[in-house]
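>>> Sequence and predicted structure, then a few things I'm wondering about:
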Amino acid sequence: MSIPSQRLGRPPEVPAPTSRSRAAAKEERVAYLFLLPWFAGLFFFLAIPLVYSLYISMTDKRLISRGRENFIGLDNYVYMFTQDGFFYHSLYITMKWIVLSTPLFLTGGLLISLLLNQKYFGMNVFRTILYIPAVVSGVAVAVLWLQLLNPELGAVNYVLTTLGVDNPPYWLEDPKWAMPAVVLMGLWGVGGTAIIYLAGLQNIPPHLYEAATIDGAGAWGKFRCVTLPMLSPTIFFLVLNAVIDALLIFGPLFVLTAGGTGGVGGPDNSLLFYMLYLYRVAFVQGFMGYGTALAWILTIIGVLMVFVMMKLERRFVFYESED
Amino acid sequence: MKKHRFSRGHFLRISAMTAGGALLAGCSLEEGGPPGANQGDDEAAPDFSKIQASGQNQELEKLAENWKPYDGPPVELSIWMYPQDEGSLKAYKKAFEKKHSNIKLKYVTYPEENYITKINVALQAHNPPDVAIIEEIAWMKAGLVADLAPFYGAWGISIEDFAPGGVDRITLEEVSNKNIFGVGDFLAGNIIVYNKDLFDQAGAEYPPADRSLEWPEYAELVRQVAQPDSDPTRRVYGGSAPDFGFGLWERWIYGPDGRQTIGYMDSSEHVEAWNLGTALVRDKVAPSSQVTATVTEPDLFTQKRIAMTWTDFTFVQDYRAAGIDFGLAPWQVIRGSDSFVDTWTAAWGTFVESKHLHAALTFLQFLGTAAQRIRAQVSADPPLSLKVANEITWGAGDPIKEQYLQVLEVAAKPQVFVPPQPEGAYEPAEVYNKMTVQGQTDAGPILKAEAKRTQPILDRAWKDWEALGRG
């Protein structure tokens, strides 16, 4: 027999625990014991290096030096913002890359994914082929493109010359063409983005398209009112990743520029991305203190950009589970 | 009475203000490079107590006084380098490990452009290799490299035995019997190698072996022997004009004491060399850097696609194997200069923080003695030790080696010492790019601006250098 309150749906009153049982306390200790390796990793490999790097950024530490570093407070940061033209230049190059590459790669990936989403015979083979560049090492891709874009002996200029172009670009050797060359190289790996889009496209319930068709929507209408909103979480994820990747891009650019004119950073520093500049300052010139300060500023810029995007997410991204 | 509670907000605000005050107290704006660029000015006590000049390094001194090769438990030496002659390295390993069964050699090769950075990082981690090519003279200056001067006598060698071009690489500014930071195993030289058949086809005279051509003579010769073709794979280049070639002898760009750019870098002779040389590249009678990035000059020469090439003497074995009839000449010089051939060696040394210092010194002794003879046998190069070269009568009966000796005799001169320069210094590759890619044809204004811009950077580099460690 049940009491009236239970019949009315009210939860039964459970007496609040006055003290933890011995078993619960033991369980908690075991849980902490299991968490200990993670905490140790966090402390020794993240927290300590992070704090130490903050300290280093406030010293004049050099790679080769006869003495210990001196604590110089915010001098490195003051110098960066007031006297270092390369800092602003590298920031400009990185932002230019984000502005040029992110929309291009995302749009290219979306268009390819729309094609790959069709149901034709052998489509899986095409999907695999398109994804191959995404699994090849960035360094290998850079070496390949160095050969393809060689102004005199490369395949790209050979094709352009055959098509009647008299003075094909010098690509990575020419400050004006270096950035477009890197964008071209980046487009080659757009298959990876397309595959993520494809996963998003295949998660869109078909009944939404059926409803749109009944309402008289055409192809564009369905894309605008169904596909894009339903894909917006995927787009947001890709934008977030693209921006973070763009800030941190290093390996392929190092390979592209290290052996060429101007060394790391390309001719006239036309490819002096922020990470390349940081590398040059810290490891080539040996200004570790200043290099670490540059790294901290990059971290802050990254955090700010992600923060802004997370704010914008609420306005532009639609989640199906939302009202 | 109202009780004020010390909240977390209060605590954070006060902490932030305290930290900010401490930081600002440490602030003082420095000029000329990032803070620390003039670190050498600071008279703070150095902490390299155990790695000061040889006289103060008691451990090393004691080892030198009672020198005997390492005979302790088995060790593996980590030997770092950028690509070297493989045949010689294999022969060294075989001979050394046979003699010292308790020491194994492990070669680690890095690309040349990253090599210094790799060592710098290892030094920063206090874990340098046991033996390495001491490519960065600042390592010597900062007291990071073991001074071998006390060991030379114990090993039965003398710095005077070695060719001056190689000695430059193992000592600081001036040759001396103190502060010797390495040993070299061979003497390399940057020379011109020419294909006699291609010269005969063009009816051109061979470049002389007893003097350097001046740039105007050289440029004319290149045009004479070149076989232009619109297809780069069928073109025969007349000669080479790499970006570093215009200032190969650094006195042309930094003056005889290595301290002056204005009047040297922008001199009419240097400008003329740039104008003539880059015109050869633009006219496609000399290979551009884009071509040599794909096919190296030794490869072009082996394929008979270039009539004259700058080369390291090491490659003559390949040219012989390719059946090319060739001759040698010194490098071309700017108008009015003495003849010049740049010579050098791989400066093998060990760091004071190396883990197996005694075993490393044993290997360095081997490189300074037995390896000299091995190198002469397995590669084309002469040993760095002129004494050994005389003892084995290196080159006798071999016309190419005899011609090489003739070229070295007339043109091998010491380089001018110029300290390592920081960001923004003169970069010939940038000038080359402007003149072969970006359409500029007169080096005059470019070099004038470069000389003016580089002078204060060079001044600072000298100031840093003189303040760095010993000297």
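Structure received. Keep in mind that what you see is a predicted model, and the values were worked out from it rather than measured.

>>> B:Gly263 against B:Pro256, yeah?
No - counting by CB atoms under 8 Å, B:Gly263 stays clear of B:Pro256, with 11.4 Å between them. (Glycine included, C-beta is placed from N, CA and C.)

>>> What residues sit buried inside the lengthiest helix in chain B?
For chain B, the helix with the greatest residue count under DSSP state H is helix B:443-467. By neighbour count on 16 or more other CB atoms under 10 Å in any protein chain shown, the buried set for helix B:443-467 is B:443, B:446-447, B:450-451, B:454-455, B:457-458, B:460-465, B:467.

>>> residues touching B:Pro216, list them.
B:272, B:276, B:335 (CB atoms under 8 Å, 6 or more residues apart in numbering or on different chains).

>>> how about the residues of the stretch 51-200 of chain A that lie near chain B?
Residues of the stretch 51-200 of chain A lying close to chain B by CB under 8 Å from any CB of the partner chain are A:58-76, A:78-79, A:82-84, A:86, A:146-147, A:150-153, A:170, A:173-175.

>>> how about 7 Å then?
A:58, A:60-68, A:70-76, A:78-79, A:147, A:150-153, A:170, A:173-174 (CB under 7 Å from any CB of the partner chain).

>>> which of these are buried?
A:58, A:60-67, A:70, A:72-76, A:78-79, A:150-153, A:170, A:173-174.

>>> ok, now how distant is B:Lys452 from B:Ile446?
11 Å (CB to CB, to the nearest Å).

>>> Which helix or strand lies directly C-terminal to the helix or strand bottoming out on mean pLDDT in chain A?
Least confident helix or strand of chain A, by mean pLDDT, DSSP states H and E, is helix A:4-7 with a mean of 46. Next helix or strand after helix A:4-7 toward the C-terminus (DSSP states H and E): helix A:22-42.

>>> Just the CA atoms of that following helix, as CSV, please.
The C-alpha trace of helix A:22-42 is given here as CSV (Å, rounded to 0.1, in the frame of the first residue of the first chain):
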residue,chain,number,x,y,z
ARG,A,22,33.3,4.3,5.4
ALA,A,23,32.8,2.6,2.0
ALA,A,24,32.0,5.9,0.3
ALA,A,25,35.2,7.5,1.8
LYS,A,26,37.3,4.6,0.6
GLU,A,27,35.7,4.8,-2.8
GLU,A,28,36.6,8.5,-3.0
ARG,A,29,40.2,7.8,-2.0
VAL,A,30,40.5,5.1,-4.7
ALA,A,31,39.1,7.6,-7.2
TYR,A,32,41.7,10.2,-6.2
LEU,A,33,44.4,7.5,-6.4
PHE,A,34,43.3,6.7,-10.0
LEU,A,35,43.3,10.4,-10.8
LEU,A,36,46.7,10.9,-9.3
PRO,A,37,48.7,10.1,-12.5
TRP,A,38,46.6,12.6,-14.4
PHE,A,39,47.1,15.2,-11.8
ALA,A,40,50.8,14.5,-11.7
GLY,A,41,51.0,14.9,-15.5
LEU,A,42,49.0,18.1,-15.3
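
>>> which parts of it are buried?
Buried residues in helix A:22-42 (16+ other CB under 10 Å): none.

>>> what ranges do the helices span in the stretch 351-471 of chain B?
Counting by DSSP state H, counting those that start in this stretch, the segments of the stretch 351-471 of chain B that form helices are B:357-368, B:370-378, B:386-391, B:399-411, B:428-436, B:443-467.

>>> so can I have JSON lines of those helices showing distance to chain A and mean pLDDT?
What follows is the helices of the stretch 351-471 of chain B, written out as JSON lines (distance: least, CB to the nearest CB, whole Å; pLDDT from 0 to 100):
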{"stretch": "helix B:357-368", "distance to chain A": "20", "mean pLDDT": "96"}
{"stretch": "helix B:370-378", "distance to chain A": "28", "mean pLDDT": "94"}
{"stretch": "helix B:386-391", "distance to chain A": "32", "mean pLDDT": "90"}
{"stretch": "helix B:399-411", "distance to chain A": "29", "mean pLDDT": "90"}
{"stretch": "helix B:428-436", "distance to chain A": "4", "mean pLDDT": "94"}
{"stretch": "helix B:443-467", "distance to chain A": "9", "mean pLDDT": "92"}
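
>>> Could you point out which of those sits nearest A:Leu294?
Nearest of those to A:Leu294, taken as CB to CB: helix B:443-467 at 20.4 Å.

>>> contacts for the closest one?
Outside helix B:443-467, the residues that touch it by CB atoms under 7 Å, 6 or more residues apart in numbering or on different chains are B:32-33, B:38, B:40-41, B:141, B:259, B:261-262, B:265-266, B:270-271, B:274-275, B:419-422, B:424-426, B:431, B:434-435, B:440.

>>> so that helix versus helix B:428-436, what angle?
Here helix B:443-467 points in a direction 170 degrees away from that of helix B:428-436 (axes from the mean of the first three to the mean of the last three CA atoms, to 10 degrees).

>>> Just the pLDDT at the closest residue to A:Ile129 other than its chain neighbours, thanks.
The spatially closest residue to A:Ile129, leaving aside those adjacent along the chain, is A:Gly191, at 7.9 Å (CB to CB, 6 or more residues apart in numbering or on different chains). If you check A:Gly191, the pLDDT there is 88.

>>> quick one: A:Gly191 and A:Leu130 touch, right?
Yes - counting by CB atoms under 7 Å, A:Leu130 is a contact partner of A:Gly191 at 3.5 Å.

>>> the more surrounded of these two?
Applying other CB atoms under 10 Å in any protein chain shown to A:Gly191 and A:Leu130 shows that A:Gly191 carries more neighbours, namely 24 against 21.

>>> How about the contacts made by the more buried one?
If you count contacts by CB under 7 Å, 6+ apart, A:Gly191 has them with A:112, A:130-131, A:133-134.

>>> Which single one of the residues you listed is nearest to chain B?
A:Pro133 (22.2 Å; CB to the nearest CB).

>>> in the helix or strand harbouring that closest one, what's buried?
Using DSSP H and E, A:Pro133 sits in helix A:123-135. Buried residues in helix A:123-135, defined by neighbour count with 16+ other CB under 10 Å: A:127, A:130-131, A:133-134.

>>> again, but for stretch B:78-89
Of all the residues in stretch B:78-89, those buried under the rule 16+ other CB under 10 Å are B:78-82, B:84-85, B:87-89.

>>> which of those residues sit farthest apart?
B:Ser78 and B:Gly87 (21.3 Å).

>>> farthest pair in the buried residues of helix B:443-467?
Using CB to CB, the two most remote members of the buried residues of helix B:443-467 are B:Ala443 and B:Ala467, lying 34.1 Å apart.

>>> before we move on, back to that, sort out for me which of the contacts of B:Pro216 are in strands.
Of the contacts of B:Pro216, none are assigned to strands by DSSP state E.

>>> Looking at those, spot the one nearest B:Arg234.
Of all the contacts of B:Pro216, B:Leu276 has the smallest distance to B:Arg234: 25.1 Å, by CB to CB.
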